[in-house]
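Trainee: After the sequence you'll find the predicted model.
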Amino acid sequence: MYINFQKLIQRKKGRCKNPDCSYEGYLYSKGLCQACYWASRRTIKESEGKLSSIRRNAPIRPVSDRERHVIKAKMEIKRHLIEINGKRCFFCGHTFHDIQLVHLLRQGTEPMMKDKDYNCILGCQSCHDTFDNASLEEVRKLGNIDWVLEMMQAIDEKYYERFVNRKLKWSVMTNS
């Protein structure tokens with residue numbers, strides 16, 4: 001049975017207390033966003049000498065301008081979809097606190113579609129997992145899946161064919 005522990009943890013919304021950070025949203029601990037919290041933990045461990053020299057000298061990966069643009073665009077898309085539909089899952093219709101942005105065309109296979117609003121819908125963790133990983137028969141049981149498949153086909157015909165046929169190839173491989 002899948003338990004979503006994030007639902008059990010009550011997180012506060014607000015602005016990160018780190019003056020160098022401009023994050024507004026859910027705070028992780030001590031009034032800090034997750035990135036600032038872990039950076040402060042790293043600083044504490046460095047001062048105590050508990051980090052290895054390799055990790056102590058490891059640079060923090062800089063975020064490119066394109067990646068920063070994509071992150072902001074995805075936040076705006078999610079905010080816009082929540083304003084329109086509330087925090088309601090597109091597939092099952094239930095309302096969730098921690099709703100996710102579901103990409104019709106996967107981000108890994110179609111990287112230029114990450115920040116396009118017509119490629120995104122809102123979904124709960126369970127329906128998102130089913131959409132991404134389940135067999136085609138299970139995916140077809142999701143609500144509104146016909147509209148999703150039509151949109152997927154309208155956006156990219158080749159991707160749609162791969163999406164529909166990938167499940168068949170997997171089931172053929174496991175049966176032999």
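Mentor: Looks like it came in fine.

Trainee: can you give me the helices for this structure?
Mentor: 5-8, 34-48, 53-56, 65-85, 125-133, 136-139, 145-155, 157-175 (DSSP state H).

Trainee: out of those, which comes closest to Asp115?
Mentor: helix 65-85 (3.6 Å; CB to CB). Just so you know, the C-beta spots here come from the backbone N, C-alpha and C atoms, and that holds for glycine as well.

Trainee: Identify the residues contacting the closest one?
Mentor: Residues outside helix 65-85 that contact it (CB atoms under 8 Å, 6 or more residues apart in numbering) are Val63, Ile99, Leu101, Lys114, Asp115, Asp117, Cys120, Ile121, Leu122.

Trainee: Could you work out the most separated pair of those residues?
Mentor: Checking those with CB to CB, the most distant pair is Val63 and Ile121, at 25.7 Å.

Trainee: ok, back up a step: and the contacts of helix 65-85, which of them are buried?
Mentor: Buried subset of the contacts of helix 65-85 (neighbour count, 16 or more other CB atoms under 10 Å): Ile99, Leu101, Lys114, Asp115, Cys120, Ile121, Leu122.

Trainee: before we move on, the earlier item: take the contacts of helix 65-85 and write them to a markdown table, including distance to Ile71 and pLDDT.
Mentor: Formatted as a markdown table, the contacts of helix 65-85 follow (distance: CB to CB, whole Å; pLDDT from 0 to 100):
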| residue | distance to Ile71 | pLDDT |
| --- | --- | --- |
| Val63 | 8 | 72 |
| Ile99 | 17 | 89 |
| Leu101 | 11 | 92 |
| Lys114 | 9 | 85 |
| Asp115 | 9 | 85 |
| Asp117 | 15 | 88 |
| Cys120 | 14 | 93 |
| Ile121 | 19 | 93 |
| Leu122 | 17 | 93 |
